[in-house]
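K.L.:
output the structure for:
(one chain, ligands or ions: 1)
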Amino acid sequence: MRVHPPAPTFRNWIWAATAACPVCGQKNLFHRWRKMVNDCPTCGLHFERIEGHWLGAVATNTVASALAVMATIITALMLTLPDSSGPQLILIAAPVAIIVPPVFFPISKTIWTAVDLRMRPLEPGEATIESTHDAPADQQP
Ligand SMILES: [Zn+2]
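P.N.:
Got it, this is the predicted structure:
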């Protein structure tokens, strides 16, 4: 009989949003905020679950950065109307466009891994999950 690990919970999404392992919450996954370990030191999850896995992280980072730039432009536009100008909005949004992608990069990796885990749940043995629930009496040894 195949046993499925539990589906990601709100707690798993919070862990992913803080650049922690979305399975176990381990926080020490990055060296100098750029280089991610291959496997989680706590649960053993291999983060690059399939070839091309990180393309989703790049897409996540691109969408998040674009949303941050759009939010900045809309906010600046609302604050400066009716005297807003294109060059002024570009000067306000440019720092956001430069800073957000590298700062959000590690978080986009853990968020994408959480999204991937939602779409393709953990296979048995892929990670060590410590259960907080007791197994039902009929499944105990
Ligand atoms: Zn982990």
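K.L.:
who in the chain is up against the ion?
P.N.:
For the chain, the contact set with the ion under Cβ under 5 Å from the ion comprises Cys21, Val23, Cys24, Gln26, Cys40, Thr42, Cys43. Using the backbone N, CA and C atoms, a C-beta is placed for each residue, glycine as well.
K.L.:
narrow those residues to just the buried residues.
P.N.:
Cys21, Val23, Cys24, Gln26, Cys40, Thr42, Cys43 (16 or more other Cβ atoms under 10 Å).
K.L.:
assign the second one to helix, strand or coil.
P.N.:
What DSSP: H, G, I helix; E, B strand; the rest coil gives for Val23 is coil.
K.L.:
would you map the helices across this structure?
P.N.:
Applying DSSP state H to the chain gives helices spanning 10-17, 54-80, 86-119.
K.L.:
okay if I get those as JSON lines plus mean pLDDT?
P.N.:
Shown next, in JSON lines, are those (pLDDT from 0 to 100):
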{"stretch": "helix 10-17", "mean pLDDT": "93"}
{"stretch": "helix 54-80", "mean pLDDT": "95"}
{"stretch": "helix 86-119", "mean pLDDT": "94"}
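K.L.:
quick one, phi/psi of Gly44?
P.N.:
phi 80, psi 10 (degrees, to the nearest 10).
K.L.:
quick revisit: which single one of the buried ones among the residues of the chain next to the ion is nearest to Ile74?
P.N.:
Distance to Ile74 across those (Cβ to Cβ) is lowest for Cys21, with 34.2 Å.
K.L.:
show me what contacts the nearest residue to that closest one once chain neighbours are set aside?
P.N.:
Spatial nearest neighbour of Cys21, excluding adjacent residues (Cβ to Cβ, 6 or more residues apart in numbering): Cys40 at 4.5 Å. The contact partners of Cys40, taken as Cβ atoms under 8 Å, 6 or more residues apart in numbering, are Cys21, Val23, Cys24, Gln26, Leu29, Phe47, Ala127.
K.L.:
thank you kindly, that will do.
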